[in-house]
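Trainee: structure for this input, please:
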Amino acid sequence: MKFVQIIGFETERLEEMRQMLEEAGRRNEGRTGGPTHSMLLKDRDKPNHYLALIEFESYDEAMRNSDDPETSKLAEQLGALSLGERVYTNCDVLESRELK
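Mentor: Numbering: from 1, shown residues only. Next up is the predicted model:
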């Protein structure tokens, strides 16, 4: 079953975060078991508030990714660019489809 982790955070340094994530993506190219899809959302009602949706093939793949030292290092670096605590929501995907 596909799995999505939603991470809510606030930052005034979004471009630095995006650059860091882009570099991490290049380092991890070709690696199996990582995220399969991601989406970044900006809250229109709360300045500097964002939601990152990260999709994995399964909960187990997500947990293996979380246990990876590179993932932990990246999370720590991103946390340093955040204001306050990040909020994590873990979701099993029951249904997903493209609407046209």
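Trainee: worst-scoring helix or strand of this structure, pLDDT-wise?
Mentor: Scoring the helices and strands of the chain by mean pLDDT, DSSP states H and E places helix 14-27 at the bottom, with a mean of 89.
Trainee: which helices and strands does that helix pack with?
Mentor: helix 69-80 (3 or more Cβ pairs under 8 Å, 6 or more residues apart in numbering; DSSP states H and E). For the C-beta atoms, the positions are set from N, CA and C on the backbone; glycine is no exception.
Trainee: which strand of the chain spans the most residues?
Mentor: In the chain, with assignment by DSSP state E, the single longest strand is strand 83-92.
Trainee: buried residues in it?
Mentor: Neighbour-count burial for strand 83-92, counted by 16 or more other Cβ atoms under 10 Å, picks out residue 86.
Trainee: can you list the strands that that strand pairs with?
Mentor: strand 3-10 (antiparallel) (DSSP bridges).
Trainee: can I get the CA coordinates of the strand it pairs with in CSV?
Mentor: The C-alpha trace of strand 3-10 is given here as CSV (Å, rounded to 0.1, in the frame of the first residue of the first chain):
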residue,chain,number,x,y,z
PHE,A,3,2.3,5.7,1.9
VAL,A,4,2.4,9.5,2.2
GLN,A,5,4.1,11.6,4.9
ILE,A,6,2.9,15.1,5.2
ILE,A,7,5.3,17.5,6.8
GLY,A,8,4.0,20.9,8.0
PHE,A,9,6.6,23.6,8.6
GLU,A,10,7.3,27.3,8.7
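Trainee: mind starting the numbering at 404 from now?
Mentor: Okay, residue one is now 404; in that scheme the one you just asked about reads as strand 406-413.
Trainee: flag every buried residue along that strand.
Mentor: 406-408, 410-413.
Trainee: quick one: contacts of the least confident helix or strand of the chain?
Mentor: 414, 443, 453, 473, 477, 480-481, 484 (Cβ atoms under 8 Å, 6 or more residues apart in numbering).
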